[in-house]
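K.L.:
sequence first, then the predicted structure:
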Amino acid sequence: MWLLSLAVMVAVATRYWAELSSLGRCALHAALRLCRGKACVRSTHAFVFVNCTHGKAQSVLETFDLYARAHPSLAIGREKGEYVEEVVRRVAPNQALELGTHCGYSSIRILRALPPSGRLLTVEKDLVTADAGEEIILVAGFKNTQFQVLTSPSVEAITHLHSHLGDKLVELVLMDHDVQQYLPDLMLLESRGLLATGCVLLANNVQLSGARSFLDYIRSQPGRYCINNLTQGLLELNWCP
């Protein structure tokens with residue numbers, strides 16, 4: 001009887017493997033969001049701070065990747081991180097915006113690919129996470145003149161973004177925060193006139209159910225958004241109003 005039960009379980013798992021994998025990823029993401037609390041942030045920060053070579057961005061990134069091999073981490077990881085750097089080098093933005101700082105992993109990826117005139121504004125609503133991210137970015141060798149951490153909810157930060165940009169517009173956006181905020185934040189960026197024509201947007205974790213409204217909106221506006229690539233849940237598109 002137990003052999004029959006096992007066979008049924010294997011058959012069901014095989015038949016619905018894609019669905020089960022998707023549910024598993026969603027469950028992991030939800031667990032990591034809970035872990036994004038102060039314990040996870042402090043653990044990541046402490047490991048990177050102690051084990052990396054200060055002043056060396058590559059060492060900091062490698063230490064993040066080493067930590068992620070054995071611990072939960074919300075950092076986008078090496079493969080996506082390298083892709084983000086490729087996009088930043090291609091776009092060469094003077095003004096880049098990141099929504100979701102975590103501990104600074106993707107911020108470092110962006111910063112080291114920016115042109116000399118480039119500047120990063122990174123938004124993190126949690127004070128502990130923002131402080132940890134800023135310290136690690138500084139440990140990687142970057143200066144406060146090259147970036148600024150805005151500690152507030154994304155909606156509030158976007159509402160006051162003009163005061164940080166002056167007469168400039170955002171040429172690259174990385175969304176890696178709450179996927180349910182992707183659509184309202186994008187629409188707010190639009191309505192405030194903050195996106196430069198041709199602005200490249202990178203949206204992480206768009207395979208999650210919470211990003212469905214964001215994807216539906218993008219697909220409903222083919223004349224304004226051009227999808228360039230989708231790899232491992234990281235979507236690249238252009239804003240072309």
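P.N.:
Done, it's in.
K.L.:
can you classify the nearest residue to residue 147 once chain neighbours are set aside by secondary structure?
P.N.:
In space, residue 147 comes closest to residue 120 once its chain neighbours are excluded; the distance is 4.2 Å by Cβ to Cβ, 6 or more residues apart in numbering. Every C-beta, even on glycine, is put in place using the N, C-alpha and C of the backbone. With DSSP: H, G, I helix; E, B strand; the rest coil as the basis, the three-state label of residue 120 is strand.
K.L.:
check the burial of residue 120 by counting its neighbours.
P.N.:
Counted with other Cβ atoms under 10 Å, residues neighbouring residue 120 total 25.
K.L.:
kindly export stretch 181-193 (C-alpha atoms) in PDB.
P.N.:
What follows is stretch 181-193 as a C-alpha-only set of coordinates in PDB (Å, rounded to 0.1, in the frame of the first residue of the first chain):
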ATOM      1  CA  GLN A 181       4.100  48.500  -5.100                       C
ATOM      2  CA  TYR A 182       5.500  48.200  -8.700                       C
ATOM      3  CA  LEU A 183       2.400  49.400 -10.500                       C
ATOM      4  CA  PRO A 184       1.500  52.300  -8.100                       C
ATOM      5  CA  ASP A 185       5.100  53.500  -8.000                       C
ATOM      6  CA  LEU A 186       5.500  53.300 -11.800                       C
ATOM      7  CA  MET A 187       2.300  55.300 -12.300                       C
ATOM      8  CA  LEU A 188       3.400  57.900  -9.800                       C
ATOM      9  CA  LEU A 189       6.800  58.200 -11.600                       C
ATOM     10  CA  GLU A 190       4.800  58.700 -14.800                       C
ATOM     11  CA  SER A 191       2.400  61.300 -13.400                       C
ATOM     12  CA  ARG A 192       5.200  63.300 -11.800                       C
ATOM     13  CA  GLY A 193       7.100  63.400 -15.100                       C
END
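K.L.:
contacts for it, please.
P.N.:
In this structure, residues lying in contact with stretch 181-193 by Cβ atoms under 8 Å, 6 or more residues apart in numbering are 99, 154-155, 158-159, 161-162, 169-170, 173, 175, 195, 201, 203, 206, 211, 213-214, 217, 239.
K.L.:
which ones are touching residue 103?
P.N.:
Under the criterion of Cβ under 8 Å, 6+ apart, the contact partners of residue 103 comprise 41, 44-45, 48, 64, 75, 129, 132-133, 136.
K.L.:
repeat the analysis, applying 6 Å as the threshold.
P.N.:
When contacts are counted by Cβ atoms under 6 Å, 6 or more residues apart in numbering, residue 103 is found next to 44-45, 132-133, 136.
K.L.:
now it: phi and psi?
P.N.:
phi -100, psi 20 (degrees, to the nearest 10).
K.L.:
I'd like the distance between it and residue 61.
P.N.:
According to Cβ to Cβ, to the nearest Å, residue 103 and residue 61 sit 11 Å apart.
K.L.:
just the strands in the protein please.
P.N.:
Ranges of strands within the chain are 95-99, 119-123, 147-150, 170-175, 195-203, 225-231, 234-239, based on DSSP state E.
K.L.:
buried deepest among the ones you listed, which one?
P.N.:
When neighbours are counted by mean count of other Cβ atoms under 10 Å, the highest per-stretch mean among these falls to strand 95-99, a mean of 26.
K.L.:
that strand pairs with which strands?
P.N.:
Looking at strand 95-99 with DSSP bridges, its partner strands are strand 119-123 (parallel), strand 170-175 (parallel).
K.L.:
switch the ones you listed over to a markdown table; also include mean pLDDT and distance to residue 187.
P.N.:
Putting these into a markdown table (pLDDT from 0 to 100; distance: least, Cβ to Cβ, whole Å) gives the following:
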| stretch | mean pLDDT | distance to residue 187 |
| --- | --- | --- |
| strand 119-123 | 98 | 16 |
| strand 170-175 | 98 | 13 |
